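Novice: for reference, the sequence and a predicted model appear below.
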Amino acid sequence: MSTRLVKHHKMTKRHMKEDALVTAAFRATELWERHGRTILVAVGAVVLVAVLAVFITRTRAQSEERAQGELYRAVLAVNQGDYVSAGPMLKELIDNSPGTRSARDAERYLADVLAAQGKYGEAAAGFRKYIDKAGGDKAAALAGYWGLAAALESNKQFAEAAAAYDEAAKRSATDNERGRAMLGEARSYMRAGQTDKAIETYNAVARLPLAEQPILDAANVRLGELKAKPAP
């Protein structure tokens, strides 16, 4: 008697599993009948997005490769001092390859070209564009602020130059880099007539613990000259 009850119990479990599968199949069929088209559209959209992502990535890579070649030719002209040819080449690269790293770097080279031609105001504007495009690239931003500071100082915008040198100092990784930027900052303060700020900055340079001796000496020499200078 007990044996027959056990067998009947096992059959009941099997039937329960079969019933559950049938129910699930019916529910799946019903779901497909109601939402099959929506599901197909959703799947198609996912596939389309994936295809577009691959296409965009490949297109960007091709654009970057082409822009790199154009930048290389322009930089050769810059290094040869052929600014007349380099300027238009760099402008064309910036206009035709927006969003590429090469176009971003072309902004800096174009600003260098403008500065070399004595167009310091335009050069400063170019360096600002380059800084804006640097994003999270700390090395690029630092180079941009150095260029901006030099252009502003050459354009006799000394207060603005001091601010740019200060930004370069803040972004510098070593006391040597920081000290050179701060020397430029102090010099610009002096030329702007802000002697107190210049002295404060030279003192800060002299206290840099890891700066090389020539940098410290330059700051101390200027401090000595300022202290020896009679008050007006």
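Specialist: Thanks, I have it.
Novice: how about the CA coordinates for stretch 177-193, as PDB?
Specialist: The C-alpha atoms that make up stretch 177-193 are tabulated as PDB, following Å, rounded to 0.1, in the frame of the first residue of the first chain:
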ATOM      1  CA  GLU A 177      58.200  74.300 -13.100                       C
ATOM      2  CA  ARG A 178      56.300  76.100 -10.400                       C
ATOM      3  CA  GLY A 179      59.200  78.400  -9.700                       C
ATOM      4  CA  ARG A 180      59.700  79.400 -13.300                       C
ATOM      5  CA  ALA A 181      56.000  80.200 -13.600                       C
ATOM      6  CA  MET A 182      56.100  82.300 -10.400                       C
ATOM      7  CA  LEU A 183      59.100  84.200 -11.600                       C
ATOM      8  CA  GLY A 184      57.100  85.100 -14.700                       C
ATOM      9  CA  GLU A 185      54.200  86.100 -12.500                       C
ATOM     10  CA  ALA A 186      56.300  88.300 -10.300                       C
ATOM     11  CA  ARG A 187      57.900  89.900 -13.300                       C
ATOM     12  CA  SER A 188      54.500  90.700 -14.700                       C
ATOM     13  CA  TYR A 189      53.400  92.200 -11.400                       C
ATOM     14  CA  MET A 190      56.400  94.400 -11.500                       C
ATOM     15  CA  ARG A 191      55.700  95.600 -15.000                       C
ATOM     16  CA  ALA A 192      52.000  96.200 -14.000                       C
ATOM     17  CA  GLY A 193      53.200  98.400 -11.200                       C
END
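Novice: what about it, average pLDDT?
Specialist: Mean pLDDT, stretch 177-193: 98.
Novice: buried residues in it?
Specialist: By neighbour count, and taking 16 or more other Cβ atoms under 10 Å as the criterion, the buried residues in stretch 177-193 are 177-190, 192. (Glycine included, C-beta is placed from N, CA and C.)
Novice: can you list contacts of that stretch?
Specialist: 146, 149-150, 153, 156, 158-159, 161-162, 165-166, 168-169, 172, 195, 197-199, 201-202, 204-205, 208, 211-212, 215-216, 218-219, 222 (Cβ atoms under 8 Å, 6 or more residues apart in numbering).
Novice: looking at the residues you listed, which are in helices?
Specialist: Among the contacts of stretch 177-193, DSSP state H puts 146, 149-150, 153, 158-159, 161-162, 165-166, 168-169, 195, 197-199, 201-202, 204-205, 215-216, 218-219, 222 in helices.
Novice: how far out from the middle of the chain is stretch 197-208?
Specialist: Centroid displacement of stretch 197-208 relative to its chain, using Cα atoms, centre = their mean, to the nearest Å, is 30 Å.
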